[in-house]
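Peer 1: need a 3D model of the sequence below.
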Amino acid sequence: DLAFPDRPPLEFWDRPVTDNAPEADIRAPPVQQPFSTSALNTTLDFLGRRGKISKLIQAFEVLTTPLPSATIASPDSAYADDADEDFGINDPGVAPYTFPSAEPNTTSFQLLIKWLARHNRGSLARHYVVHVMEQDRLTDRHLRGECMLKRKGEILAPHLGITQYMFLPILGEANRRGDVEMLRFVLRKIRRALRRKRFDIGFYGDIQRQWDAEARQAAEDAVEAAISSRTESTPLLSPSAPTASASSSRLPSSPSSPSTLVQVPYEPVPEPSTPEGPPIKLFNVDLHLSILKRDLYHLEELERRAMDTLGRKVQRLK
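Peer 2: Below is the predicted model of the structure:
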């Protein structure tokens with residue numbers, strides 16, 4: 001309920017038992033549906049298309065940083081007492097309710113900045129550009145630590161990255177309004193993002209070469225181990241053994257002999273199970289490098305466009 005985002009819906013509230021409504025007729029609270037990043041992006045896009053900027057900001061801030069659940073927080077805390085005295089009883093806490101939340105990704109910030117720029121909210125769009133660049137650094141710092149501490153198949157893929165679509169709406173709006181200060185701000189942030197992209201490409205290129213070398217070394221070790229085990233398991237023929245027995249050992253025995261039946265281990269086919277959530281994406285350094293190079297190419301083109309736009313605007317002002 002976006003009208004009261006920090007309060008459980010009325011369906012989860014406790015309804016007192018009266019004479020007209022016996023306790024047996026009171027229905028159980030509804031089952032809470034899960035909330036995902038895709039639902040967050042759909043909500044942001046819907047509110048942006050409707051032009052409800054205050055609801056757009058409210059939904060983003062509340063759904064990405066929710067309050068703790070009422071079942072976790074202590075009901076005897078001083079904050080709860082002050083809230084009840086000031087605003088009345090807001091959350092009875094009878095039915096367990098977890099506030100919906102989702103982690104924003106690249107699409108979330110792209111939608112948020114796009115609709116803020118289209119509705120002439122340049123200051124808010126500028127704020128979220130700074131915010132997403134800070135979150136991008138935190139995500140990349142965490143990913144670098146994972147690459148140095150964990151193995152290849154244990155690292156999760158990142159969910160956030162700087163793209164051209166986080167600067168393009170602000171650039172277009174500043175160009176239409178002739179806002180030279182905003183154009184300089186966008187150009188400065190684009191250049192900072194370009195420097196970081198180049199550093200990231202160099203770092204993950206080293207990680208890629210290191211992992212490829214480890215994979216080749218592991219493959220060579222496996223081949224050597226297989227060759228050595230096969231050599232040790234092969235028995236050497238005694239020179240005094242007759243040739244007929246050696247030749248007869250190579251002949252296949254009769255299929256009617258029970259000793260010649262090959263026992264194939266039975267492996268039951270696993271039953272298909274319904275996934276409980278979105279699939280887990282593991283980190284692929286090759287894919288990550290290709291995405292970084294693609295973003296670098298688009299940001300370089302956007303930098304040239306921003307420089308041309310800023311030059312034209314400054315020349316017209318002079």
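Peer 1: if you skip the residues just before and after it, what's nearest to the most centrally placed residue in the chain?
Peer 2: Centroid-nearest residue in the chain: H159, 3.2 Å away (criterion: Cα atoms, centre = their mean). What sits nearest to H159 in space, not counting adjacent residues and going by Cβ to Cβ, 6 or more residues apart in numbering, is N105, at 4.4 Å. C-betas here are computed from N, CA, C, even on glycine.
Peer 1: again with T107
Peer 2: N41 (5.1 Å).
Peer 1: residues touching the residue nearest to H159, list them.
Peer 2: By Cβ atoms under 8 Å, 6 or more residues apart in numbering, the contact list for N105 reads T37, N41, H159, L160.
Peer 1: quick check: the gap between the third one and K281.
Peer 2: In this structure, H159 and K281 are 9 Å apart, going by Cβ to Cβ, to the nearest Å.
Peer 1: ok, now the last one?
Peer 2: Applying Cβ to Cβ, the value for L160 to K281 is 13 Å.
Peer 1: the two: who's more crowded?
Peer 2: Each of L160 and K281 has its neighbours counted (other Cβ atoms under 10 Å); L160 has more, 18 against 11.
Peer 1: can you give me the strands for the chain?
Peer 2: In the chain, no segments count as strands under DSSP state E.
Peer 1: surely T98 is in contact with P34?
Peer 2: No - using Cβ atoms under 8 Å, T98 is not in contact with P34, being 9.7 Å away.
Peer 1: neighbour count winner among these two?
Peer 2: Between T98 and P34, counted using other Cβ under 10 Å, T98 has the larger neighbour count: 15 against 11.
Peer 1: quick one, phi psi at that one?
Peer 2: phi -100, psi 130 (degrees, to the nearest 10).
Peer 1: could you find the closest non-adjacent residue to E303?
Peer 2: Using Cβ to Cβ, 6+ apart, the nearest residue to E303 is I190, at 5.0 Å.
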